[in-house]
Each structure stands twice: as structure tokens, then as C-alpha cells.
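Colleague: No sequence on hand, only this structure:
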């Protein structure tokens, strides 16, 4: 994938792979995020713009349940010491982000319910062109007051699979000082800047235009789906910490991930869509 820089050729390969996988019948079980009549609109926005904002926010009660659960499990600065827990209320100054472990997240039903929201799955399936696989669940803190941006706080493309997208859910209020998600509209379909590396603000704004740089400043509970093959970054928080939940949907498993499906004692979720995460 990294060597395939001609986009029409890449699209041809991806569409062929999607046809071979085929689609599932995803029943409408009542979405907490998407109006059924707007599913097509969301898919088209994801294709055209690279992102789409959900019709409804995650309820305050559900957000609080997830935040409360986060206080019962550990998060880690995987860039410095993946085995030493970080206290989010007193994170070291050298720690920019602290990630929770996937094996802890999949055990919490409210998170798995969101990941399997029928409206989201139907939008994602139409975007992918094939039955979706939940290939990752992440949740992490981004801490304010650090000196300079690092890693995913710089512009980049993700290249996790042939085609994929991610559902983002803000679990804290995110204003301009709390590290909002930044996305470059239309960049997912653009043949420009296809080399996989970090890019400067100047390079991005010169190539795509400052008017296409979208800043997601939204209250907690806000949710949006993003094609992160398009350019994006998590802005370095100035003064406020940000907690974010992310669900990844793709055609195939992600090669760099070590999947160890967990027995969560539930058969409520589609076994194919969830096969990498639960037994």
C-alpha cells in the first residue's frame, strides 16, 4: 500500500477487494448517533469531504459511564514506558498522550455498544464498499501545557488498511485550547502529498488551502466519522486535557496489531464484525 502512490490504481485495487468481501445485512436496531434517513448523506460526506458529523451526541449519562470506567483501568504513555501506568490527574510533563489498553476497553459494554451502533455500521459499510471489521478500539488522554507538538499532533495520513475510517467520540468538552481534532477537507481523495511522513502546517495550507482546514471544537458527547487517510492531527492542547474514544473500521485486520480476542460473555454482537476483538 505504501508503494502504491497512483490513486486511481489504488482505488481500482481497493474496489476489487471490497467486491470480493461482499456486504452484510445490518439490521436497524436503533442508532443513538445516526438518523436512518440521513445514512446516505453521511456516507456521501465521508466519501466527498473525508468526514461527517453524527446527527446526535452520545448522552451525558453514557459519556459519564465511560469516564467513570476510565478511572478504574490504567492508561500508559506508550512512547516512554508501555508498562508504567500514568495518573491522568498528574501526568508527567514529558507525557503528551496516555493510552488505555484495548483489552480493557472491549470488556465494557457501553463502549462495545457504541462500536456496534447499527447506524454507524451501515454508514461505514457503504463507505468501505464491503462488510466492516472493527479492527481497533482506542481511548486516550491528550495533556495540555506541553512545549511542542509530537507524533500524531503533527499532520499525517494514516495507512492502516486498503480502506478504513474511524469513529471519534469526545468524552470531554473540546474547545480551541483542548486539542481539537484537525482535518483537511478533501485531502483523502487528493493525489497530492502521498508520501507517508509528518507534514508542517505550512506544507498543508499551501497545498490544500487554509479554508479546507477544519477544526472540530465540539462539546463532550460529540461524535464524527473520519477517513484518516486524509490529512489530520490532534492539535497540541494549550491548557486543557482531552479524553477521546476512537473506534476503527476497516476491510481487513491491521497488520501491526496483536489481536487476542476476549471472552466477554456476550453473543449480542455480529461475530464477523467483532471477530478480532471478542471470541
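Modeller: Now that the structure is in, tell me what you want to look at. Bear in mind the structure is a predicted one, so any value in this text is a computation, not a measurement.

Colleague: Could you use CA atoms for every contact and neighbour count after this?
Modeller: OK.

Colleague: Show me the strands in the chain, by range?
Modeller: In the chain, the strands defined using DSSP state E lie at 51-53, 75-77, 81-86, 97-100, 133-142, 164-170, 181-184, 213-216, 223-226, 232-234, 242-250.

Colleague: if you skip the residues just before and after it, what's nearest to residue 24?
Modeller: residue 131 (5.5 Å; C-alpha to C-alpha, 6 or more residues apart in numbering).

Colleague: and if you look at residue 158?
Modeller: residue 229 (4.9 Å).

Colleague: now swap in residue 263 and tell me
Modeller: That would be residue 279: by C-alpha to C-alpha, 6+ apart, it lies 5.2 Å from residue 263.

Colleague: Roughly how far does residue 51 sit from residue 239?
Modeller: Distance of residue 51 to residue 239, given as C-alpha to C-alpha, to the nearest Å: 26 Å.

Colleague: who has more neighbours, the two?
Modeller: Neighbours were counted for residue 51 and for residue 239 using other C-alpha atoms under 10 Å; residue 51 has more, 27 against 14.

Colleague: what separates that one from residue 261, distance-wise?
Modeller: Residue 51 is 29 Å from residue 261, where distance means C-alpha to C-alpha.

Colleague: Helix or strand with the lowest mean pLDDT in the protein?
Modeller: Least confident element among the helices and strands of the chain, by mean pLDDT, DSSP states H and E: helix 7-21 (a mean of 87).

Colleague: ok, residues contacting that one?
Modeller: For helix 7-21, contacts defined as C-alpha atoms under 8 Å, 6 or more residues apart in numbering pick out 1, 4, 128, 129, 130, 131, 162, 163, 191, 251.

Colleague: 7 Å instead?
Modeller: Applying C-alpha atoms under 7 Å, 6 or more residues apart in numbering, the contact partners of helix 7-21 are 4, 129, 130, 131, 162, 163, 191.

Colleague: Check which residues of that helix are buried.
Modeller: Within helix 7-21, the residues scored as buried using 16 or more other C-alpha atoms under 10 Å are 10, 14, 15, 17, 18.

Colleague: In TSV, list the residues you listed along with distance to residue 151.
Modeller: Compiled in TSV, those are given as follows (distance: C-alpha to C-alpha, whole Å):
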residue	distance to residue 151
10	26
14	28
15	31
17	31
18	31
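
Colleague: Mind jotting down where the helices sit in the stretch 51-200 of the chain?
Modeller: 60-70, 102-105, 109-115, 118-128 (DSSP state H, counting those that start in this stretch).

Colleague: re earlier: okay, angle between the least confident helix or strand of the chain and helix 118-128 too, please.
Modeller: Calculated by axes from the mean of the first three to the mean of the last three C-alpha atoms, to 10 degrees, helix 7-21 forms an angle of 130 degrees with helix 118-128.

Colleague: Any stretches of the stretch 51-200 of the chain with poor pLDDT?
Modeller: Applying pLDDT under 70 to the stretch 51-200 of the chain picks out residues 149.

Colleague: Run through the residues that contact residue 26.
Modeller: Here residue 26 is in contact with 118, 122 (C-alpha under 7 Å, 6+ apart).
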